[in-house]
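Visitor: need a structure here:
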Amino acid sequence: MSKPLFKQEHKEEVSNKSDNPVFSGVVDALFSRRRFLQLGAVMGTAVAFPSLLRTPAAQAVEIALSRPSTLGFTSIAVSTDDTVRVPDGYIARPFYRWGDATGMKDNLPEFKKDGSNTTDEQAAQAGMHHDGMAWFSLPQGGDSPSHGLLAMNHEYVDNGLLFKDGDANWNLDKARKAQNAMGVSVIEVKKEPDGWTVVRPSQYARRITVNTPMSVTGPAKGNELLKTAADPAGATILGTMQNCANGHTPWGTYLTCEENWSDIFVKKAAPNALEKRYGISDSDESYRWSEVDPRFNVDATPNEPNRFGWVVEIDPFNPASTPRKHTALGRFKHEGAAITLTADKRVVAYMGDDQKFEYIYKFVSDKTWAADNREAAMDLLSSGTLYVAKFNDDGTGVWLPLVFGQSGLDASNGFASQGDLLIKTRLAADVVGATKMDRPEWIAVDPHAAGSVYCTLTNNSDRGKEGKAPVDAANPRANNVYGHIMHWQEQGDDPASTHFAWDILVMGGKPDASDEAAKGSMNGAEFGSADGLSFDPRGVLWIQTDVSSSTINKKAYEGMGNNQMLATVPGSNEFRRFLTGPRGCEITGIAFTPDNRTLFINIQHPGEPGDDISDPANPNAVSRWPDGETSGRPRSSTVVIVKADGGIIGS
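Guide: Next up, the predicted model:
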């Protein structure tokens, strides 16, 4: 069977060959717990601009849910069990699984456990491999904690589970079914007397896939590099895919982020510099779309890859609306788009580029948000300034603008316009000298501390290797298989500032390890490969891990159990394990209801084998979660978590 390129193991050859300077000194003070606690004390008293994102009713809830000084649950043990485990007093239940009907009217196909659902049925069902997710209260603009919409990503597919016979007898219909298993779900959910349920049918229910028409906004709209024979104007793109982390806006829209899209494209001829920088190669062993769909054959459609790698905005309240790809936010392997506001209500989006030695970005809108004008807000992400981060070795940093005509971003370095530059965002970041990071993943903005931001750097086993970037102050560990979490404080607590101070929240690993390369700096539950990251309304920081299926419970991760979810109160340096997942899964997706009494998370790819696609003849060899059936197959699922007494999560 063909070898897959699973999300955790996507074409990991390094695309960034630039000679950007790196910082050779590791300053011990940057890891000082005292320094971090001092920052935490200051942040705890700040008036947070993120509070502007919420209505008065929601802000009242937040006042009642002030940041605790410590966590209110006992850390659970590591686990290799094939189930979801949570602390005593909590209930966790899967309720929206791959193949479940999304809820579109008169189109409610049932999941067939042998993988025989049709292509059309899959278009009306939950996609595979749930990822980033956000909550939107109903009615629109309200703050209900018991009735709302969940918008969520479906990142990739496993042909061994999706089809009865795996990827044998490959044809266009199979590729279309796989395309229908990616994208985004919008579902209506409601808390009933006997628990949470998905509302079916629902006027809001929607599936957005690789073939859903989308409009283009921003400077790259109409650029020659976006034009194809099917879209000579370069203004309408079919679909979104490889949707990983996410964001949501104060005007009630969902941001889905295209990450490992390059894995699906194939070019047999030698790639040009742009294609090489974005990881286009001559093989596609896990998807095979290029064999039957010319869109993904770069030799046939050379500009099609340029139409992916964007942040896509979706209105969850209007299933007839057209999603929009915002080119002003740059093109790379987007891990997420964490939104906050400046004091004057300009929109700021923080974004990571999830590949080894890639960069952290920030977008600041030109225009301001007016709460009473949602229509105008829909254009806020269409124009603004994109920046990339440079982390200095003295604990300071600067946001470098990616603006055509500045800092060598002109024809002399291959940029013809601002739109051209944004299509080539990685190349532009190379030119200005951004800092190469250890796979920037999710970013979270502290809701109780203005200008305070965190980012997971999940791992980088190539750090410090010969011919690769050496360690530096911001990425201080060679062979960084455990990763770390960074924190920065914007100058003047202003998200629009071009300067910041940074430190490291925690180094992943084992606190009692004698080997410095394995030593973690956390107090409490050990972890590595932090990925998902989000604050709850109280200001508790939640961390989810994504140790690859080929590594988990082996080698460096021996004894650390299945992937997990942890929590910490910033400034405490105490970490407690809240949840462990079933075998072979990733923990991802975080969405709280406004009252902090319900938590939704996603279990992605339970049962994923470490070195191949799933065997269609034995699909549950690793896991039978969540259905527990010997003749079924594991299914990615949204899990709803509540306290048995109805209390606040984490208290």
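
Visitor: so where is the stretch 51-200 of the chain shaky, pLDDT-wise?
Guide: Along the stretch 51-200 of the chain, the parts satisfying pLDDT under 70 run over 51-64.

Visitor: same deal with the stretch 301-450 of the chain?
Guide: In the stretch 301-450 of the chain, no residues with pLDDT under 70.

Visitor: can you pull out the strands in it?
Guide: Assigned by DSSP state E, counting those that start in this stretch, the stretch 301-450 of the chain shows strands spanning 311-314, 324-326, 338-341, 346-352, 356-358, 360-368, 384-391, 396-401, 437-438, 440-445.

Visitor: Any chance of TSV for those strands, columns mean neighbour count and distance to Ala591?
Guide: Every residue, glycine included, has its C-beta placed from N, CA and C. Below are the strands of the stretch 301-450 of the chain laid out as TSV (neighbours: other C-beta atoms under 10 Å; distance: least, C-beta to C-beta, whole Å):
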stretch	mean neighbour count	distance to Ala591
strand 311-314	26	15
strand 324-326	25	22
strand 338-341	25	14
strand 346-352	26	18
strand 356-358	23	26
strand 360-368	21	23
strand 384-391	24	26
strand 396-401	20	29
strand 437-438	27	26
strand 440-445	26	13
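
Visitor: Turn those strands into a markdown table, columns for distance to Lys276.
Guide: Putting these into a markdown table (distance: least, C-beta to C-beta, whole Å) gives the following:
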| stretch | distance to Lys276 |
| --- | --- |
| strand 311-314 | 23 |
| strand 324-326 | 23 |
| strand 338-341 | 29 |
| strand 346-352 | 21 |
| strand 356-358 | 14 |
| strand 360-368 | 21 |
| strand 384-391 | 20 |
| strand 396-401 | 23 |
| strand 437-438 | 20 |
| strand 440-445 | 21 |
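
Visitor: Tell me which of these sits nearest to Gly72.
Guide: Counting by C-beta to C-beta, Gly72 lies closest to strand 440-445 out of these; the figure is 20.4 Å.

Visitor: So what are the sheet partners of the closest one and their directions?
Guide: strand 452-457 (antiparallel) (DSSP bridges).

Visitor: any idea how far the strand it pairs with is from the chain center?
Guide: 13 Å (C-alpha atoms, centre = their mean, to the nearest Å).

Visitor: Which secondary structure elements does the helix or strand following it sit against?
Guide: As assigned by DSSP states H and E, the chain's next helix or strand after strand 452-457 is strand 484-490. Judged by 3 or more C-beta pairs under 8 Å, 6 or more residues apart in numbering; DSSP states H and E, strand 484-490 is in contact with helix 33-44, strand 452-457, strand 499-507, strand 530-535.

Visitor: Extract the CA atoms of strand 484-490 and return them as PDB.
Guide: The C-alpha atoms that make up strand 484-490 are tabulated as PDB, following Å, rounded to 0.1, in the frame of the first residue of the first chain:
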ATOM      1  CA  HIS A 484       8.200  24.700  23.500                       C
ATOM      2  CA  ILE A 485       5.700  27.500  24.000                       C
ATOM      3  CA  MET A 486       6.600  31.100  23.500                       C
ATOM      4  CA  HIS A 487       5.100  34.200  25.000                       C
ATOM      5  CA  TRP A 488       5.500  37.800  23.900                       C
ATOM      6  CA  GLN A 489       4.200  41.100  25.200                       C
ATOM      7  CA  GLU A 490       3.500  43.800  22.600                       C
END
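
Visitor: Minimum distance to Leu65: which of the strands of the stretch 301-450 of the chain has it?
Guide: When those are compared by C-beta to C-beta, strand 440-445 sits nearest Leu65, at 16.7 Å.

Visitor: Just the CA atoms of that closest one, as CSV, please.
Guide: Extracted C-alpha coordinates of strand 440-445, given in CSV (Å, rounded to 0.1, in the frame of the first residue of the first chain):
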residue,chain,number,x,y,z
PRO,A,440,4.9,27.6,14.7
GLU,A,441,1.5,26.1,15.5
TRP,A,442,-1.5,27.6,17.3
ILE,A,443,-1.4,31.2,18.7
ALA,A,444,-3.6,32.4,21.6
VAL,A,445,-4.3,35.9,22.8
